[in-house]
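Build me a model:
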Amino acid sequence: MIVDALGWLLGAGSVLCAWRVFRADSMVRAAYWLLAAFVGVGMILVLLTAQFLGLVLILMMAGEMTIMAVFMVMFMMNPAGLNPMQMVHQHRASIVAGVTAFIGLTAVALLAPFPERPVPPGAAVTRETGMELLGDSMVIFETAAVALLATMIGAVALAARRGRHGDAYEGSVPPAMDPEEGA
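Modelled structure (predicted):
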């Protein structure tokens, strides 16, 4: 009963956070709203006794969204990627696509006959999942992890006060809050 209530609460929270991604007024805020939505989904996986997948999802999304936010701060034209901007293009088509996808996925979740295959006791589920996900590619993933670490260090170094274009406080002019003012 408590697990069900917590599952519904996490599900509603994830949907709310996903909605906030499109209502946020900056790329960085949108990235962290998306992270919050994925954390909720990861916690639902933990509740469903898929702890490995849930925690891997949370770990991967935390790293990915942080890297994305750092790169947005580094390469966005507005300071720190925090100035207001329009996050959604083609509003009506986006709304129609989102509602259609939601209805379709909800119909599948409620109407599709899912097989019931309980895991036998003592099965090495975590090992088998790891082998299924990574197989013989562990070295590739480890190499990618080192490359991502080097990229994050480089991004932080470039986004520092003295970045690739010189001192951030000399000659820097923030963009206009209203796009029509800058034209």
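
how about low-confidence regions in this protein?
Applying pLDDT under 70 to the chain flags the ranges 76-88, 138, 159-176, 179, 181-183.

Could I get the full set of helices for it?
2-23, 27-47, 51-75, 91-111, 125-134, 138-158, 179-182 (DSSP state H).

would you list these in TSV and tack on mean neighbour count and distance to residue 117?
For the C-beta atoms, the positions are set from N, CA and C on the backbone; glycine is no exception. As requested, those are arranged in TSV below (neighbours: other CB atoms under 10 Å; distance: least, CB to CB, whole Å):
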stretch	mean neighbour count	distance to residue 117
helix 2-23	14	20
helix 27-47	20	17
helix 51-75	17	16
helix 91-111	10	18
helix 125-134	12	12
helix 138-158	12	28
helix 179-182	8	55
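
possible to save the ones you listed as CSV with distance to residue 118?
Formatted as CSV, the helices of the chain follow (distance: least, CB to CB, whole Å):
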stretch, distance to residue 118
helix 2-23, 17
helix 27-47, 17
helix 51-75, 17
helix 91-111, 20
helix 125-134, 11
helix 138-158, 29
helix 179-182, 57
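
give the contact list for residue 47.
Contacts for residue 47 (CB atoms under 8 Å, 6 or more residues apart in numbering) come out as 3, 6, 7, 10.

and which of the residues you listed is nearest residue 108?
residue 7 (18.0 Å; CB to CB).

Against residue 48, how distant is the closest one?
8 Å (CB to CB, to the nearest Å).

try residue 115
15 Å.

Residue 137 now?
26 Å.

contacting residues for residue 17?
Taking CB under 8 Å, 6+ apart, one finds 33, 34, 36, 37, 40 in contact with residue 17.

again, 10 Å this time
32, 33, 34, 35, 36, 37, 38, 39, 40, 41 (CB atoms under 10 Å, 6 or more residues apart in numbering).

what's the spacing between it and residue 29?
Counting by CB to CB - residue 17 and residue 29 are separated by 11 Å.

again with residue 20
8 Å.

same thing with residue 156?
For residue 156, the distance to residue 29 - CB to CB - is 20 Å.

And residue 96, by the same measure?
From residue 96 to residue 29 the distance is 25 Å (CB to CB).

who touches stretch 141-153?
63, 64, 66, 67, 70, 71, 133, 134, 137.

can I get these in CSV with distance to residue 57?
Listed next are the contacts of stretch 141-153 as CSV, based on distance: CB to CB, whole Å:
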residue, distance to residue 57
63, 11
64, 10
66, 15
67, 16
70, 20
71, 21
133, 11
134, 15
137, 19
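
Just name the closest of these to residue 56, please.
Out of the contacts of stretch 141-153, the member with the shortest distance to residue 56 (by CB to CB) is residue 133, at 8.1 Å.
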